[in-house]
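A.B. asks: here is a sequence with its predicted model. Questions after.
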Amino acid sequence: MPTAEGRGVHHVVWCVRPESWTSVRAFWEGTIGIVLDELDLPELGLKVLISWHGGVEIMTPAYATGMMVQPARRFLAARGEGVYAVVYDVRGIEGVVASFTER
């Protein structure tokens, strides 16, 4: 989780197949004990389960189209279900980006 300075892992994004959605939710909520909110994001082509407190996001390509459908499907085809991304909380991101572009 982020430190007081706002730097650290914010949450981990998992990508799962649509047919795994129900069992994955049951695992995280029932076995792990994390309450997940469900988001329907048709513009991205995804359904998402998220717990900001638990630091987890679970996404699935649930639609035929959307900005993230093909990347998610390619990920699943190449790697199977699993960690898709680790999201960091970085305060003052503009300064961090500037430090890279100045090099």
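C.D. replies: Structure received.
A.B. asks: okay, and for this protein, where does confidence drop off?
C.D. replies: 1-6, 103 (pLDDT under 70).
A.B. asks: tell me where the chain has strands.
C.D. replies: 8-15, 37-41, 46-51, 56-61, 82-89 (DSSP state E).
A.B. asks: tabulate the ones you listed (TSV), appending distance to residue 21 and mean neighbour count.
C.D. replies: (Each C-beta comes from the backbone N, C-alpha and C, glycine too.) TSV is the format used below for these (distance: least, Cβ to Cβ, whole Å; neighbours: other Cβ atoms under 10 Å):
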stretch	distance to residue 21	mean neighbour count
strand 8-15	11	16
strand 37-41	10	12
strand 46-51	7	19
strand 56-61	5	22
strand 82-89	15	13
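A.B. asks: of the ones you listed, which is nearest residue 70?
C.D. replies: strand 56-61 (8.1 Å; Cβ to Cβ).
A.B. asks: show me what the lengthiest helix in the chain is packed against.
C.D. replies: As assigned by DSSP state H, the longest helix anywhere in the chain is helix 69-79. Here helix 69-79 touches strand 8-15, strand 56-61, going by 3 or more Cβ pairs under 8 Å, 6 or more residues apart in numbering; DSSP states H and E.
A.B. asks: how about the spatially most central residue of the chain, what does it touch?
C.D. replies: Computing the C-alpha centroid of the chain and ranking residues by Cα atoms, centre = their mean puts residue 13 first, at 2.7 Å. The contact partners of residue 13, by Cβ atoms under 8 Å, 6 or more residues apart in numbering, come to 57-59, 83-87.
A.B. asks: ok, back up a step: alpha carbons of the longest helix of the chain, in CSV - could you do that?
C.D. replies: Output of helix 69-79 as CSV, limited to C-alpha atoms (Å, rounded to 0.1, in the frame of the first residue of the first chain):
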residue,chain,number,x,y,z
VAL,A,69,-11.0,-5.8,-25.1
GLN,A,70,-8.2,-6.7,-27.5
PRO,A,71,-5.3,-6.1,-25.1
ALA,A,72,-7.0,-8.1,-22.5
ARG,A,73,-7.8,-11.0,-24.9
ARG,A,74,-4.2,-11.0,-26.2
PHE,A,75,-2.9,-11.1,-22.6
LEU,A,76,-5.2,-14.1,-21.8
ALA,A,77,-4.2,-15.9,-25.0
ALA,A,78,-0.5,-15.4,-24.4
ARG,A,79,-0.2,-15.8,-20.6
